[in-house]
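In: give me a model of this one.
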Amino acid sequence: MAAALPKDAVVVVVGAGAMGAGIAQVAAAAGHAVRLFDTRPDAAAAACAALAKTFDTLVAKGKLDRATAAAAAARITPAHALADCGSARLVVEAIVEDLAAKRALFHELEGIVAADAMLATNTSSLSVTALAAGMKAPGRVAGMHFFNPAPVLPLVEIVSGLATREDVAATLHATATAWGKAPVRATSTPGFIVNRCARPFYAEAWRLLAERAAPAAAIDAVMRDAGGFRMGPFELMDLIGHDVNFAVTSSVWEAYHYDGRYTPSVLQRELVDAGFLGRKRSRGVYDYAEGAPRAVAADVPQQPQPARAIVRGDPGLAAPLVERLAKAGVAIDRAKVYPGFPDGTLDIEGTLLALTDGRTATARAAAAGTPDVVVFDLALDFGQCPRLAVAPADGCSAAGWSRAAGALQAAGVAVVRFDDAAGLAVMRTVAMLANEAADAVTQGIASAADVDVAMQRGVNYPRGPLAWADAIGIARVRETLVNLAAHYGEPRYRLSPLIARRAAGARPLAG
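Out: Have a look, this model is predicted:
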């Protein structure tokens, strides 16, 4: 196992913006002398002064004692010229996201730092292989991608280009660990792990909105309350900035030769063109102007509670919902499966209520030979979820819809009515996240364990997508993706070979 950089090793950070200053703070807090350089006059000195105040704030909050904070702040000093950085054992660049600018910097650094110094790029999207191309020693160049804000978010992607030496990547991994971070290893491919594997979280939300399956506030609400995500996709994009989010999606799409799986949303492009970039402009998907009404999901009004429900077959993932119904006083009977519904189904006085499998409720009604079919979305925890997306078949009667909604409400679940969209919100998103993660593993971009760590520690997903697929059941994920592909008739929902193999062999994805 590689050793981390010793604490007496000098770390140079090039770029004194928010990201560079954050990386300098992390390295100094870990005990390193840090030289901070920026081509803008006085920018490095201003950043050092601001970091001293940051350490004082941490003392005031009780997160550091005064002596420790003072020592860390004293370890960060400005460099007045790049030539002053020759003592560096590690240089981390955090300059403008431009390939030519970063390459020029690395070529200049080659003539300044020692032969054994490592050169790391904080790029979130550029090719590490391309950055190192043409250098005298490309093997010492690697990615060290921190997430913003660097002192707060734990994930660091350690990215190897084609020429990156294994000992360099291993040392950077060990160093990030010593700095209190959660590092993962990745190969240099578009988006690395997080920016690639997170694309479906945004893309499926945009597709649902484009199909007018539900308003943005409703989609966000069920992704939070049923899916367990900290933020819904639209509120998160408003926070990130649509210019930034759209640019990342576009770069991944272009880098993968315009693969339809990554196609940017026309609706998001409209927001960018209008200058509605999110919170920083007071308007994005939502209006943040002072006095503007807050968009909220419209829950279905209370419907009558049914007296009895028949559980047809094994309810599987939805078993906790049945328990919640029983606790509410609904009599539960058991019966054989309903034709066309091999999985467990709730029969509410003739209305069939089933967990989505990627088909529309209308398609399932046709298979079942009855119009009164209603599907509900996936939840992270059916025993606790406060809200679910629910969709009736196009021919479902008003009475049939009322019975289904009333049953879920009796179980303590707020019902958000969606139009009959295949896979609804959480199920299709989780299936696509797992599919993208499985392809990343198949293509050798990262290990299954690192993919799951990256998505949990980098973007705060409630579960790693591969472990989540295992919890749902790989066969169910496979079925959902196959049904989505059949519904849309496009390669966007093509099945990852790894999911196909593991579903056939009943082997876990995360194992």
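In: and the helices in the stretch 301-450 of the chain?
Out: 319-327, 361-368, 398-410, 426-442, 448-459 (DSSP state H, counting those that start in this stretch).
In: winner for burial among those?
Out: With neighbours defined as mean count of other Cβ atoms under 10 Å, these peak in mean count at helix 426-442, which reaches a mean of 26. In this view, the C-beta of every residue, glycine as well, is placed from N, C-alpha and C.
In: can I get it in PDB, CA atoms only?
Out: Output in PDB follows, covering the C-alpha atoms of helix 426-442 (Å, rounded to 0.1, in the frame of the first residue of the first chain):
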ATOM      1  CA  VAL A 426     -37.900   7.400  -8.700                       C
ATOM      2  CA  MET A 427     -38.000   4.000 -10.300                       C
ATOM      3  CA  ARG A 428     -36.900   5.100 -13.700                       C
ATOM      4  CA  THR A 429     -34.200   7.400 -12.200                       C
ATOM      5  CA  VAL A 430     -32.800   4.700  -9.900                       C
ATOM      6  CA  ALA A 431     -32.800   2.100 -12.700                       C
ATOM      7  CA  MET A 432     -31.000   4.500 -15.000                       C
ATOM      8  CA  LEU A 433     -28.500   5.500 -12.400                       C
ATOM      9  CA  ALA A 434     -27.700   1.800 -11.700                       C
ATOM     10  CA  ASN A 435     -27.500   1.200 -15.500                       C
ATOM     11  CA  GLU A 436     -25.000   4.100 -15.900                       C
ATOM     12  CA  ALA A 437     -23.000   2.900 -12.900                       C
ATOM     13  CA  ALA A 438     -22.900  -0.600 -14.200                       C
ATOM     14  CA  ASP A 439     -21.600   0.600 -17.600                       C
ATOM     15  CA  ALA A 440     -18.900   2.500 -15.800                       C
ATOM     16  CA  VAL A 441     -17.800  -0.700 -14.000                       C
ATOM     17  CA  THR A 442     -18.100  -2.700 -17.300                       C
END
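In: tilt between it and helix 448-459?
Out: Relative orientation of helix 426-442 versus helix 448-459 (axes from the mean of the first three to the mean of the last three Cα atoms, to 10 degrees): 130 degrees.
In: now the closest residue to K280 other than its chain neighbours, what are its backbone angles?
Out: Among residues not flanking K280 along the chain, G241 sits closest, at 5.9 Å (Cβ to Cβ, 6 or more residues apart in numbering). When read as degrees, to the nearest 10, the backbone of G241 gives phi 110, psi 120.
In: and what of E211?
Out: phi -80, psi 0.
In: burial count for it?
Out: 13 (other Cβ atoms under 10 Å).
In: tally up the residues packed near the closest residue to it other than its chain neighbours, please.
Out: Distances taken as Cβ to Cβ, 6+ apart place A421 nearest to E211, at 6.0 Å, with adjacent residues excluded. A421 is flanked by 24 other residues according to other Cβ under 10 Å.
In: can you check D333 too?
Out: Using other Cβ under 10 Å, D333 is surrounded by 10 other residues.
In: now it: how far from L346?
Out: Separation of D333 from L346 (Cβ to Cβ, to the nearest Å) stands at 11 Å.
In: now the common contact residues for these two.
Out: Listed as contacting both D333 and L346 by Cβ atoms under 8 Å, 6 or more residues apart in numbering are 309-311.
In: any idea how far the residue nearest to K280 is from A3?
Out: Taking Cβ to Cβ, one finds G241 at 39 Å from A3.
In: between the two, who's got more neighbours?
Out: A count of neighbours by other Cβ under 10 Å puts G241 above the other of G241 and A3, at 17 against 10.
In: ok, that one touching F276?
Out: No. G241 is not in contact with F276 according to Cβ atoms under 8 Å; the separation is 10.5 Å.
In: R308 pairs with what?
Out: A331 (DSSP bridges).
In: ok, it to L317 distance?
Out: Distance from R308 to L317, counting by Cβ to Cβ: 22 Å.
In: neighbour count winner among those two?
Out: Neighbour totals were compared for R308 and L317, and L317 leads with 18 against 13 (other Cβ under 10 Å).
In: so what pLDDT did the more buried one get?
Out: Model confidence at L317, given as pLDDT, is 94.
In: just I445 next, same as before
Out: The model reports I445 with a pLDDT of 96.
In: check contacts around it.
Out: 186-187, 189, 192-193, 196.
In: which one among these gets closest to G444?
Out: The shortest approach to G444 among the contacts of I445 belongs to T187, at 6.3 Å (Cβ to Cβ).
In: spit out the contact partners of that closest one.
Out: For T187, the contacting residues are 159-160, 444-446, by Cβ under 8 Å, 6+ apart.
In: kindly recompute the last result at 7 Å.
Out: 160, 444-445 (Cβ atoms under 7 Å, 6 or more residues apart in numbering).
In: now those in a markdown table, with distance to R324?
Out: What follows is those, written out as a markdown table (distance: Cβ to Cβ, whole Å):
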| residue | distance to R324 |
| --- | --- |
| S160 | 48 |
| G444 | 43 |
| I445 | 40 |
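In: show me where the chain dips below the pLDDT cut-off.
Out: Applying pLDDT under 70 to the chain flags residues 340, 342.
In: for the residue nearest the centre of the chain, phi and psi?
Out: With distances taken as Cα atoms, centre = their mean, A198 lies nearest the centre of the chain, 4.1 Å away. Backbone torsions of A198, given as degrees, to the nearest 10, read phi -80, psi -10.
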